[in-house]
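Asker: make a model of this:
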Amino acid sequence: MAGHAHARIAAKILIAAAAATASTGLTAVGVRLWDPEREVLVTLVATSGAIAFGSATYAAAEEVRAQMAARVREKVAFVLRALAFDLHDATDLDVRDIGVSAYVRRRAWWRPWHEYLARMHRERAAWCAATSGIQWRPGMGVVGRCVSEAQDVAVDLSSVDEQLGGVARREWSRVEPDLRMGMSWREYHKARGKYGVVLASPIIDDRGSPARVRGCVAVDAPAGSMGRITADPVRERVASAATAVLRLVL
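Answerer: Predicted coordinates:
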């Protein structure tokens, strides 16, 4: 998500710079400060018109995209909100201590070789600063492992933090891969301390052959709740939510 935002900002800056250049040139011609060749003048006029048309088209496309994204978030939020209360009933955990999220696999158009997990929505009844700001990818973290392994993955991250809290950057490469979970030392420290127990269940699209993992639904719960979060009734509820997300929006 952050990558998309940065790309849109960069595109807007480039367009604004081109528009300013064309506008300045035409203004200079208008007040007779500059008398360019005819070809240059035609280029300035054409550029100015193209930028105006492109900007209007881009704004319209962004509005449509925002409306579509809002409809998707609304549907996903409905599923995740119901899941949070289902988990409250199944685990007896306070619903305010349960966070549920849905991720989908994406590729950036400017970096098609780079796949990442875009978070469609996160639902939590109480405010919590437990988002790390990391852009997860297949194979990275609990959600990334879930997607790459195409199966449920549950990890008590508070226990992982206890084991890795004193590891220096220069020692990171010697840490067991299962503990690193595909993260760099810097990425781990951005996420450290923000999660307790996390369970992720894959969103498997079996409508074609072969079946594909489209993303995952993840639950984060307080430290010490591993037994309750990994119980079969809980796994079934999370898997059902993953199927509902698939049917509704993917």
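
Asker: three-state assignment of R71?
Answerer: Secondary structure, DSSP: H, G, I helix; E, B strand; the rest coil: R71 is helix.

Asker: any idea how many residues pack against it?
Answerer: Neighbours of R71 under the rule other Cβ atoms under 10 Å: 11. In this view, the C-beta of every residue, glycine as well, is placed from N, C-alpha and C.

Asker: A77 falls within a strand, correct?
Answerer: No. Counting by three-state DSSP, A77 is not part of a strand but helix.

Asker: next up, the contacts around it.
Answerer: Shown in contact with A77 (Cβ atoms under 8 Å, 6 or more residues apart in numbering): H121, E123.

Asker: please enumerate the helices of this structure.
Answerer: Here the chain has its helices, by DSSP state H, at 2-30, 38-91, 141-149, 157-164, 177-180, 185-191, 226-229, 232-249.

Asker: of the ones you listed, which is nearest V198?
Answerer: Nearest to V198, of all the helices of the chain, is helix 141-149, at 4.4 Å by Cβ to Cβ.

Asker: so what are the domain limits for the protein?
Answerer: The chain is divided into the following domains under automatic domain parsing: 2-62, 72-249.

Asker: picking up where we left off before, deepest of the helices of the chain, which one?
Answerer: Burial of those is given as mean neighbour count (mean count of other Cβ atoms under 10 Å); helix 141-149 ranks first at a mean of 23.

Asker: by how many degrees do that helix and helix 157-164 diverge?
Answerer: Relative orientation of helix 141-149 versus helix 157-164 (axes from the mean of the first three to the mean of the last three Cα atoms, to 10 degrees): 100 degrees.

Asker: 217 is where my numbering starts, stick with that
Answerer: Got it, the first residue is 217 from now on, which makes the last one we talked about helix 357-365.

Asker: not counting its own residues, what contacts helix 357-365?
Answerer: By Cβ under 8 Å, 6+ apart, the surrounding residues in contact with helix 357-365 are 317, 319, 321, 333, 350, 352-355, 368-371, 373, 397-399, 407, 414-418, 429, 431-432, 434.

Asker: which among those count as buried?
Answerer: Buried members of the contacts of helix 357-365, counted by 16 or more other Cβ atoms under 10 Å: 317, 319, 321, 333, 350, 352-354, 368-371, 373, 397-399, 407, 414-418, 429, 431-432, 434.

Asker: from D377, how far off is the closest residue to V465 other than its chain neighbours?
Answerer: Nearest non-adjacent residue to V465, counting by Cβ to Cβ, 6 or more residues apart in numbering: V288, 4.9 Å away. Separation of V288 from D377 (Cβ to Cβ, to the nearest Å): 33 Å.

Asker: keep only those of the buried ones among the contacts of helix 357-365 that are in strands.
Answerer: Among the buried ones among the contacts of helix 357-365, the members found in strands (DSSP state E) are 317, 319, 321, 333, 369-371, 414-418, 429, 431-432, 434.

Asker: list just the nearest of the residues you listed to A457.
Answerer: The closest of these to A457 turns out to be S417 (Cβ to Cβ; 7.7 Å).

Asker: got a list of what that closest one touches?
Answerer: With Cβ under 8 Å, 6+ apart, S417 has these contacts: C362, D368, C432, V433, A434, R451, V454, A455, A457, A458.
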